[in-house]
Structures are given as structure tokens and as C-alpha cells.
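Asks: Return atomic coordinates for the entry below.
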Amino acid sequence: MYILSLIILNLYIFSGCSYYQSSDVEVDLFKPKKAYELSDKYLGLIRNDNIEEANSLCTENLLKNNNEITTGTSKIISFEPEALIEASSKSVFITFNVIRNSSSEPKCDLDNFAIKVIKDGEDYKIDEIKAMNKMQVFVKNNSLRIIGEDGGKSDLIVSLSNMPKDVYLRRNELMLHKEKVEAEAFGPVALGYKGKKVAISTTGGNKTFLSIAYIEESKATQGGANESNPNKEGSTEVNLEDALDKPIAKKVIPLDLLRNIKIDNLVFTKEEGFLIVEYLNSNLVRRIKVYNGENGELVDLDFDKEFPADTYNISLINFDKEDFKISVGGKLGAKDINAEKLGEYDVSIEGKEIKKST
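Replies: Next up is the predicted model:
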């Protein structure tokens, strides 16, 4: 009986040692959350033109296979995660819907990026990036058109002649006065992440008109008949085709009519709830306005009260669904700049709160 008890005791001791030894060993698991955070950080760095730091997140193999690591004339302005696809036990593909705007013409692309993240020892690195164009909005013959990933025939979204002729001004609480819209040319445009909304700016004289067009699924997104180069000036036949085209914009929601400003950027927040408008005012000071993406109403965030429009630049840093971060800086040569106001701020759109970042 003594010998049996001793054997049982020894087995218990050995099994206990084995348990504690195994619990001290960290299991080498791939963490998808870290992979997503890395890919999200990478696109954020590219959006902010920090190519060098973005490259530090990539494997040497990826970098050496690329001769030109720049964004070119089509800048990434926003992105939204779409899906996470497991590739192996130590790698995943994370897909993003990416919005790119041209710096030289009214043109916007909806691209899909698939970023492969691998685990190399203790580090997570980007090892592969694949991109494809899903949709492109461009101007042709005074018309805003859209073409899908398969190319072919483009569809008319809206023409300058179809834009509203006069609108109520958002800054007026008593909406009696309507002002004429001078739509002579298209300015910057921006697609939503699902390709169902297009933010549009048109210019004429000293006025800039802002609107959002809701579009139905176009033939362009389904593929269609072949068409000549969409950026080429049209012949008489093409102009006739444009005249006979039926716009696919189901409705155009007016946002605002602004004077003596220049639009720098239009960007939808994630889930397209709001539209952020970056612009230069008449004093060449960078400012921001925010509009509701559903009803077009201006969101009153008291930027002008907190940061007077003749003194402080406001720049967009990044954003989420209903929050975004801004940087506030003083205008060069401006007087009465309060140094305590300079810095980064977190802005809640729904809460209409502006808090200095800690």
C-alpha cells in the first residue's frame, strides 16, 4: 500500500511540473487584429504621404520588387475596411475600399486593396499588396460620368445643365431667399465607399455649389458595350449620345452655396454618414465644414467661434464613423494667435464636441 501511494504521489508531482512548464510557453499564434492594425496604419501613412515610414512596415521582398513607390497624381484620401481573409496559419489578406482623387482634374476612383500580412518571427509585416479599380468618376463634355471595373461604356451621372438652378442658403435659418447657382464647371468630386453616393462640387464666378448625388446601379458597374477613351474629346456622334443619355442619379441633394472659396478635398466618413469638406477661404486659410450625408444639413461644430477664420488653419488628420481628428495651426503673419489653441483636437460629429487631444 505504501509503494502504491508513493507511485501515485510521484505521478502527481511530475504531472504538476509538466503543467506549469507548458503554461510558461507562449503559444505562437497569429493575431488577425494586429494584422488589421498594421494594414490600417500603412494606408494611413500613405494617405499622409509618409512613404518612408510606410515602407518600414513592409518586407524587403515586397520593396525590392517595386521600382516606383509613390502614389503618383492619384492621391489616397480615405479608406474603409471590407473583409479579412485567412491565407494560412501565419498570414491573412485584409481588403479595403480605397478612395483616390486626382490632383489635376475632377476625377475620383474607388479601388479595392488586398493587403497580405505575414508574421515573421515576432514581427508582423506587409508582404503583398494587390489593387484593382472598381469604379471611376470623371468629367467628359460638361458631364459627370462613371465607368466600372470592366471598362466598356460609361454612364451619365449628371450634367452641368441638369444641376439645380437655384438653392436655399444653409446659413439662413429662415429659408426664404433662394440664390442662383452658377454651374460653369465641375470641381473636385468624391465617391462613397459603396459606389452609391457621389459628392459633387461645381463652380461659376465666385460661387461654389456643393451637392451629393445618389446613383442607382449603372450599366458601367455591370459591364457594357465598348467605348472609346472616356477622356478624349467627343465627336458629333458622342455628343449626341451624351444628349440622349438618361442620368443615373436618382436624386441630387443640395448642400451649400459658398462664395470666394476653393475646394481642396471632399471625403465621406466611414459608413458615409457625413461629408467632410476641406477648403481655402478668401484669406487663403484652410478650413473645414461637415454636412449630413443623408439630408445635406450643415453640422454646426462652432469651428468659427473656437478658431476664427482669419487666424487659424484647420486640417483634417483622420476620421472614423462619427469622429475625426484635426490639426489647428496659426495663419502665417496673423496677429492675436493664442498658442494654447494650437495642436490636435478630437471632434465628435454627433456630440458636436471639440476636445484637445491628450
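
Asks: use CA for all of it now, contacts and neighbours both
Replies: Noted.

Asks: if I pick residue 357, what's in contact with it?
Replies: Counting by C-alpha atoms under 8 Å, 6 or more residues apart in numbering, residue 357 touches 343-346.

Asks: To clarify, my last question referred to residue 94.
Replies: Residue 94 is in contact with 36, 39, 81-85, 114-117, counting by C-alpha under 8 Å, 6+ apart.

Asks: closest to residue 302 among those?
Replies: Nearest to residue 302 among these, counting by C-alpha to C-alpha, is residue 81 at 30.6 Å.

Asks: you'd agree the closest one is up against residue 97?
Replies: Yes: counting by C-alpha atoms under 8 Å, residue 81 does reach residue 97; the two are 6.3 Å apart.

Asks: circling back to that earlier point, now for the contacts of residue 94: which two are most distant?
Replies: So, those by C-alpha to C-alpha: farthest apart are 82 and 117, at 15.3 Å.

Asks: more crowded one of these two?
Replies: residue 117 (28 against 14; other C-alpha atoms under 10 Å).

Asks: mind checking how far the residue nearest to the more buried one when sequence neighbours are not counted is from residue 318?
Replies: Ranked by C-alpha to C-alpha, 6 or more residues apart in numbering and with sequence neighbours excluded, the top spatial neighbour of residue 117 is residue 126, at 4.5 Å. Separation of residue 126 from residue 318 (C-alpha to C-alpha, to the nearest Å): 22 Å.

Asks: out of the two, which sits in the busier spot?
Replies: Higher neighbour count among residue 126 and residue 318: residue 126, with 28 against 17, using other C-alpha under 10 Å.

Asks: Got the phi and psi for that one?
Replies: phi -90, psi 120 (degrees, to the nearest 10).

Asks: and residue 39, what is it in contact with?
Replies: 94, 115, 117, 126.

Asks: Is it correct that residue 110 falls within a helix?
Replies: No: according to DSSP: H, G, I helix; E, B strand; the rest coil, the state of residue 110 is strand, so it is not within a helix.

Asks: you'd agree residue 319 is up against residue 271?
Replies: No: Residue 319 lies out of contact with residue 271 (C-alpha under 8 Å); the separation is 11.2 Å.

Asks: Show me which of those two is the more surrounded one.
Replies: Higher neighbour count among residue 319 and residue 271: residue 319, with 20 against 14, using other C-alpha under 10 Å.

Asks: next one: phi and psi at the more buried one?
Replies: Torsion angles, degrees, to the nearest 10, at residue 319: phi -160, psi 170.

Asks: Bridged to it, which residues?
Replies: Beta bridges link residue 319 to residue 324 when assigned by DSSP bridges.

Asks: Distance check, it against residue 347.
Replies: Going from residue 319 to residue 347 by C-alpha to C-alpha gives 9 Å.
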